[in-house]
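S.K.: mind looking at a prediction? Sequence and model below.
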Amino acid sequence: MGLPFCFDEMNRYGSPIHTWTGGVRLDGYQATWPFAKLLMGPEALRLKLVFRPELVFHRGEIAQLHVYQNSIPLVGKLFNGIRFMHGKPGYPETVIFWYFGDVDAVARELVTRGFAAQMVKARFPWVR
């Protein structure tokens, strides 16, 4: 049995370069903070979840990162997230990592390291 998800164990993808803790939305599944971790390693980007299998993306598998930022004044950074626009078979179509910190900085780092071709500012998917 492996270590709990909250430990950054070494695995076949190498030690994480950066780790961010947040929440996640996968199609109809939603988990709040701190039940998701985004780990960027030298070879792969991993989204570790509680009670769900880990999602692994390699360079070139994410076409775009859609960056969602809250514009409700008193809520702060509660609804900031990054949606992974991918076409990976067998993975949920909607993959959003919710993060309380600077999602722009996280997205820029992922693009700089080659895990996505570009990032774009986007509106929340449920807002018309």
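M.R.: Now that the structure is in, tell me what you want to look at.

S.K.: where exactly do the helices run in the chain?
M.R.: Assigned by DSSP state H, the helices in the chain fall at 103-112.

S.K.: tell me the contacts of the residue positioned nearest the centre of it?
M.R.: Closest to where the C-alpha atoms of the chain average out (C-alpha atoms, centre = their mean) is Phe97, at 3.8 Å. Going by C-beta atoms under 8 Å, 6 or more residues apart in numbering, Phe97 touches 20, 22-24, 36, 38, 47, 81-82, 84. Every residue, glycine included, has its C-beta placed from N, CA and C.

S.K.: give the other helices and strands that the helix or strand of the chain with the lowest mean pLDDT contacts.
M.R.: Least confident element among the helices and strands of the chain, by mean pLDDT, DSSP states H and E: strand 118-121 (a mean of 82). Where contact means 3 or more C-beta pairs under 8 Å, 6 or more residues apart in numbering; DSSP states H and E, strand 118-121 is packed against strand 62-68, helix 103-112.

S.K.: 6 Å instead?
M.R.: Judged by 3 or more C-beta pairs under 6 Å, 6 or more residues apart in numbering; DSSP states H and E, strand 118-121 is in contact with strand 62-68.
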